[in-house]
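J.: What would the 3D arrangement of this be:
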Amino acid sequence: MYAFPGEKTPEFLTCCSGLAVSDRAGILIDTVTTHMLKHLVPAGFATLLLCSCATQRPTTLARQELLATDKAFSDMSQAQGAAAAFYFYLSTNALSLPAGEQPLRGREAIRNSLTGMTGVLRWQPRDAEAAASGHLGYTWGTFEYESKDTTGRSKVGYGKYVTVWRKENGHWKALLDCGNSNPAPP
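T.: Have a look, this model is predicted:
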């Protein structure tokens, strides 16, 4: 590398022709480099941080919406009955996979299968996940079905469920619902 007499120039300040940059140009480059390090690098990190937050935000928001929607679904089941709640929250072509029974397709068929229920079905969403797009996700949780036996005494059945959701016209609708029983919680 060629340098002017008395100059000690780092390699990154060498011109394309292989000649070293003069002192004045070196000072200018040092000033520009310092400016870049002070202002542009932090701005770049801030931009990356904002971009990463922006990509996470729809997922976080969708998870919160899914949990709130599933909770509202359970609240409606307790207040108005499972048949009405399922009809309201299911997508038109939803699929139900009831334990020990054949699959049911369509919210009409699912509502009809729930119409004769005499007990109260309630559940507690435990967690939710959502796709990065914020338009597809699932919730899972535990449920209780409280009814009366033939003698009129209250009995409670317990289980767990998973519901797959899709955003349709700005509202979460259940595409798939399935659950199965388990022993009473400890």
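J.: List the residues that contact residue 148.
T.: Contact analysis of residue 148 by Cβ atoms under 8 Å, 6 or more residues apart in numbering lists 118, 119, 154, 155. The way it works is simple: take the backbone N, C-alpha and C, and place the C-beta from them, glycine included.
J.: So in this structure, which strand runs the longest?
T.: Counting by DSSP state E, the longest strand found in the chain is strand 154-168.
J.: In its sheet, which strands sit next to that one, and in what direction?
T.: In the sheet, strand 154-168 lines up against strand 136-148 (antiparallel), strand 171-182 (antiparallel) (DSSP bridges).
J.: want to throw those into TSV with mean pLDDT and distance to residue 126?
T.: TSV is the format used below for the strands paired with strand 154-168 (pLDDT from 0 to 100; distance: least, Cβ to Cβ, whole Å):
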stretch	mean pLDDT	distance to residue 126
strand 136-148	97	4
strand 171-182	97	13
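J.: Could I have the CA atoms of the longest strand of the chain written out in CSV?
T.: What follows is strand 154-168, C-alpha atoms only, in CSV (Å, rounded to 0.1, in the frame of the first residue of the first chain):
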residue,chain,number,x,y,z
SER,A,154,-75.8,-33.0,40.2
LYS,A,155,-73.0,-34.7,38.4
VAL,A,156,-70.0,-33.1,36.6
GLY,A,157,-67.9,-34.5,33.8
TYR,A,158,-64.5,-33.1,33.0
GLY,A,159,-62.4,-33.0,29.9
LYS,A,160,-60.1,-31.0,27.6
TYR,A,161,-60.6,-29.6,24.2
VAL,A,162,-58.9,-27.9,21.2
THR,A,163,-60.6,-25.5,18.8
VAL,A,164,-59.1,-24.3,15.5
TRP,A,165,-60.1,-20.8,14.5
ARG,A,166,-60.1,-18.7,11.4
LYS,A,167,-60.7,-15.0,11.1
GLU,A,168,-63.8,-14.5,8.8
